[in-house]
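Asker: When you get a sec, could you give me coordinates for this:
(chains A, B, C and D)
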Amino acid sequence: MNGAQDLGGTMGHGPVNPELDEPVFHGDWERQVFALTLAMGFFGQWNIDEGRFARESLPPAQYLSSSYYQIWFAALCKLLVANGFATDEELASGKQIMAPRSLPRKPLTAGEIPLILAKGGPADRTEPGPAKFKVGDKIHTRNINPHTHTRLARYLRDRTGEIVMVHGAHVFPDSSAQGLGDDPQWLYTVRFSARVLWGDDRNPNDHVHADLWEPYLVAA
Amino acid sequence: MNGAQDLGGTMGHGPVNPELDEPVFHGDWERQVFALTLAMGFFGQWNIDEGRFARESLPPAQYLSSSYYQIWFAALCKLLVANGFATDEELASGKQIMAPRSLPRKPLTAGEIPLILAKGGPADRTEPGPAKFKVGDKIHTRNINPHTHTRLARYLRDRTGEIVMVHGAHVFPDSSAQGLGDDPQWLYTVRFSARVLWGDDRNPNDHVHADLWEPYLVAA
Amino acid sequence: MSKDHDHSELSETALRVKALESLLIEKGYVDPAALDELVDTYETKVGPRNGARVVAKAWSDPEYRKWLISDATAAIASLGFAGRQGEHMVAVENTPNVHNMVVCTLCSCYPWPVLGLPPVWYKSAPYRSRAVIDPRGVLAEFGVKIDEDTEVRVWDSTAEIRYLVIPMRPTGSEDMKEDELAALVTRDSMIGTGMALKPGAVGR
Amino acid sequence: MSKDHDHSELSETALRVKALESLLIEKGYVDPAALDELVDTYETKVGPRNGARVVAKAWSDPEYRKWLISDATAAIASLGFAGRQGEHMVAVENTPNVHNMVVCTLCSCYPWPVLGLPPVWYKSAPYRSRAVIDPRGVLAEFGVKIDEDTEVRVWDSTAEIRYLVIPMRPTGSEDMKEDELAALVTRDSMIGTGMALKPGAVGR
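Answerer: Sure thing, here's the model as predicted:
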C-alpha cells in the first residue's frame, strides 16, 4: 500500500540527528514492546509480512508522529485483537476479561530463546520454476498500486534497472501478508541509476539497489 | 517538494466523511485564521506560491495531523516571522515587543474588500514565445524531484498524456515560490489514462486531468 | 489520539490564534472591521447558490450553456460572480457517458466565487489522496454509483484554473423555471461528488 | 508540539505498554523470564562488536574476505553470528571508487546478528526518506564527504536480504592484529554512514 511507510524520496522530515552514545532501548517501555512483539509473534499466528502490514496500515498522521516502538506497539495491539489474544477492552484496562485463547504451542521460555534466535526464519523456498532473469539482464519494474502489502516502493515503480544478483526463490510478501501462503517467487537485486530514479540533475555515478521479486519485473 | 501535501495516490487516510450541514467555519479561530491570512497576504510581501510552499514545507507529521486551518495558521506564523511582521517571541506572547515594520501600503479596510476580491489575482501573463504544444499533442512529463515548490505532483511524473486545453502563459509556480519572479510559461491541461497513472487493473474508461506548465513536459 | 486530546489541541490553537489576532491589531497591521468583512463575505454572501444560478441558467438557456463551456470565466462573470480564486474558470459538463469530478491533490484549490469556501472533506487527506486513484470508490462513499462503461474524468486543480462541474439536468425538471432549477443544484453536484437533486428532493 | 506534550504522550504510552505486559502475563501468553532474556540478548550479547569481528577478519585474512563476499551468510555464521534478521546476508565492500550505504526505506530491516538492533535514526523518517534520494547530503550530515567521482551505492533492504558494509581498512593499520583492527570498526562504518576509525581515534 502507498502508506506512510513508503518514505523513499519524500521530503520535509528534517535532519537525521544521530544520537550520541545511544542506548539500545530508551526506557523500559521500549524493552517491553520489543520483547512482547517477539514473544507473541513466536506463536506463529501472523507472519513477518502481516506484521509489517499492521504497522504500515496505521493512519499516516499517526505513523509519522509516532516513534518506532510506538508504531510497533500500535501494530501489536491490532494483531493481538485480530487474532483473538485480547480484546480492545482488555487492552484499555490491562485486566483480563475474556478467558485466554487456545495456544498453538506453549509460551516461549527463556531457555529456548538462544536456539530460536539462532535458527531465525529463513525466507528462501523451493523455486517455483526456472528464473526468468539472470545477472546482467535489463528489467523494467511494473506500475502497481495495491491497497495491500507490497515491497515495491513507489519510487521504484515503472523504472528501468539491471539485475545484479539472483537470490533464489523467497516468500512473496504481497501474497504472504494477505494470508495467501508463501507463494515463493524468484528474488533479484536490481541496480538503478539515481538519474533514472530521480532525474537528470543527479550524480551520474550514483545507484540505488533494491531486492525485488519476479512478479514486480518485466523484461526491458 | 515531495512533502506531505503531495497526497495524490497515497493510502491509509481513511474514509472521506463529509459533514452534514457543515458550517463555513468551525469556531471563531477558523474565522480569524482565514481573515488574518487574507488580510496579511494583501500587503503583497509573499505571493500565492510562497504561501503554498510555507504550508507544504511543514513537517509531514505536523501537516497530516493538523486540520486545514491549523496548517494555514502555522504557515501564516512562518510567513509573518520571515517577512519581519512579528517575532517568535511576539507570536508566543501575543504582545508587541518590536516596533511594527514599515508597511508597503495601508492596512486593508472593510470598504475596499468587495473591489479587491472582485479583482482577484489573475495568473495569466504575456506569452514568452510560441507554445510548444497544441491540443491533441502527446506529451511525456518529466521526472523532477526538486526540494523547492512544484505543482508537478509525484503521481504525474514520467507519464504519457495528451494535451486537451491550452490556457496561454501563466505565472510559473516553481519560479514564483522561490521569489524568482513570474517567469510566465505556457499552461496546458493534460489528460492521462488511469491505467497509465496507476496500472493495468484500473477502469480503462477513467482519466485524470491536470494543469501543467510547459517546462514539465517533453514531446512524447 | 483521544477525543479529549484533540479538543485540548484545538483549544490551544484557538488561544494562539486569538493571541496572533491581538498582536497584529496592536501592531496596526490589520483592521478588525476588515477582518469581519472578509468573514462575512464568505459566510453569508459568496457560496454555492452562486454556482447553482450558473448551472440553472446553462440548463435553461442553450446559448448561455455554449458560452459557459467555451469561456466560463466570462459567462460566469456576466452573472456577477468573479474574482479571487475564480480568475480562470473552466466548466466541464456531465453527460450520460462522462462523469466529472474535481479535486486539488496538492492543496485546496476551489472556485470560490461560485462555490464559496471548500468544505473540510474537500481539503482533507482522504479526499485529496483517493480522488485521483480511486474516484469510483470515493463516489460510492457519497452514494454516487457510476456505470463501469461511463468515463470518470477527474480534474486535479494543479494550477490557477478552477473547475465547475455542470451536473446533468434531472429528469422531471423539463417544465421548471431557472429559479426552481437552481434549487436542485447542490454544492456536491458542482464538485462532482453528487448529482443534481430530482424535483421534490432536498440535499446538500 | 511542545516538549512537554511529547513527554506526556510518552508517559501515556509507557503506562499503556505496562498494562499490556500485565495483561499478557495474566493471560499466560508470556513468561517474564523469557521477556527478560530477549531484552538481555540484544542489550548485552548481540551488537556491532560482532560485525566488527567479521570486518576485521576480512581485512586480515584474504581467503575469509573472498568467502565473505561470495557467501556472507556462511562466512559470518562461521564466527557464530547467525539467525534472526541475518538469515540471508550480503557483504558489500567499500573501495576507493565505491562507497556503500544501507537503508530500509519501507521499515527498519537491519542485520541483527552482526549489528544488533538499529539506532533510532536508522528507523526514522529523515534517514529512510533521504538515503535513497540524497545519499550524499545524508553522508555530509554524518561528516562523511564522498568525492563526486566516487560511486555511491545505496542498498534499500526491501526483502529479507540483509546488507553489511565492509568499510575500507584505514591507512596506518597495516601492522595491526585482528583484535586491534576490530576496535576501528564502528557501527556506522558497517551501515555506510561512517568510515572505519584511523588508528588512535575513537568513535561510534
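Asker: Dihedrals phi and psi, residue A:4?
Answerer: Backbone torsions of residue A:4, given as degrees, to the nearest 10, read phi -70, psi -20.
Asker: so how many other residues sit close to the closest residue to residue C:181 other than its chain neighbours?
Answerer: Residue nearest to residue C:181 in three dimensions, not counting chain neighbours: residue C:56, with 3.9 Å by CB to CB, 6 or more residues apart in numbering or on different chains. From N, CA and C alone the C-beta is placed, and that goes for glycine too. When neighbours are counted by other CB atoms under 10 Å in any protein chain shown, residue C:56 registers 24.
Asker: For residue C:56, give me its contacts.
Answerer: Neighbouring residues of residue C:56 by CB atoms under 8 Å, 6 or more residues apart in numbering or on different chains: C:178, C:179, C:181, C:182, C:184, C:185.
Asker: Next step: the residues you listed restricted to helices.
Answerer: Per DSSP state H, helices hold the following members of the contacts of residue C:56: C:178, C:179, C:181, C:182.
Asker: out of those, who has the most neighbours?
Answerer: residue C:181 (22 neighbours).
Asker: and it, what does it touch?
Answerer: Per CB under 8 Å, 6+ apart, neighbours of residue C:181: C:55, C:56, C:59, C:60, C:169, C:173.
Asker: Now the residue nearest to the spatial centre of chain A. Nearest residue, chain neighbours left out?
Answerer: Nearest residue to the geometric centre of chain A (CA atoms, centre = their mean): residue A:52, 4.3 Å. The spatially closest residue to residue A:52, leaving aside those adjacent along the chain, is residue D:107, at 5.7 Å (CB to CB, 6+ apart).
Asker: pretty sure that neighbour is touching residue A:6, no?
Answerer: No - here residue D:107 does not reach residue A:6: they are 10.2 Å apart, not a contact under CB atoms under 8 Å.
Asker: Break chain A into its domains for me.
Answerer: Domain assignment for chain A, taken from automatic domain parsing, gives A:28-119, A:124-219.
Asker: With mean pLDDT as added columns, please give these in a markdown table.
Answerer: As requested, the domains of chain A are exported to a markdown table (pLDDT from 0 to 100):
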| stretch | mean pLDDT |
| --- | --- |
| domain A:28-119 | 97 |
| domain A:124-219 | 98 |
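Asker: Quick one: closest of those domains to residue D:37.
Answerer: Minimum separation from residue D:37 across those (CB to CB) falls at domain A:28-119, 3.9 Å.
Asker: neighbours around the residue nearest to residue A:52, how many?
Answerer: With other CB under 10 Å as criterion, residue D:107 counts 20.
Asker: show me the contacts for it.
Answerer: A:5, A:52, A:55, A:56, D:123.
Asker: Look at the second one and give its secondary structure.
Answerer: On the three-state scheme (DSSP: H, G, I helix; E, B strand; the rest coil), residue A:52 is labelled helix.
Asker: Next, name the residue at the spatial heart of chain C.
Answerer: In chain C, the residue lying closest to the centroid (CA atoms, centre = their mean) is residue C:115, at 4.2 Å.
Asker: In chain A, what residue lies closest to chain C?
Answerer: Proximity to chain C, evaluated over chain A using CB to the nearest CB, is greatest for residue A:145 at 6.3 Å.
Asker: And the helices in chain C?
Answerer: So, for chain C - with DSSP H - the helices run C:3-26, C:32-40, C:48-60, C:62-70, C:72-77, C:112-115, C:120-123, C:125-130, C:135-141, C:178-182, C:187-191.
Asker: Whether the longest one contacts chain B - can you check?
Answerer: Yes - residues of helix C:3-26 are located near chain B by CB under 8 Å from any CB of the partner chain, namely C:10, C:13-14, C:16-24, C:26.
Asker: what packs against that helix?
Answerer: helix B:28-41, helix B:68-82, helix B:88-93 (3 or more CB pairs under 8 Å, 6 or more residues apart in numbering or on different chains; DSSP states H and E).
Asker: Burial check on the residue of chain C at minimum distance from chain B, number of neighbours?
Answerer: Closest approach between chain C and chain B, counting by CB to the nearest CB: residue C:19, at 2.8 Å. Neighbour count for residue C:19, taken as other CB under 10 Å: 16.
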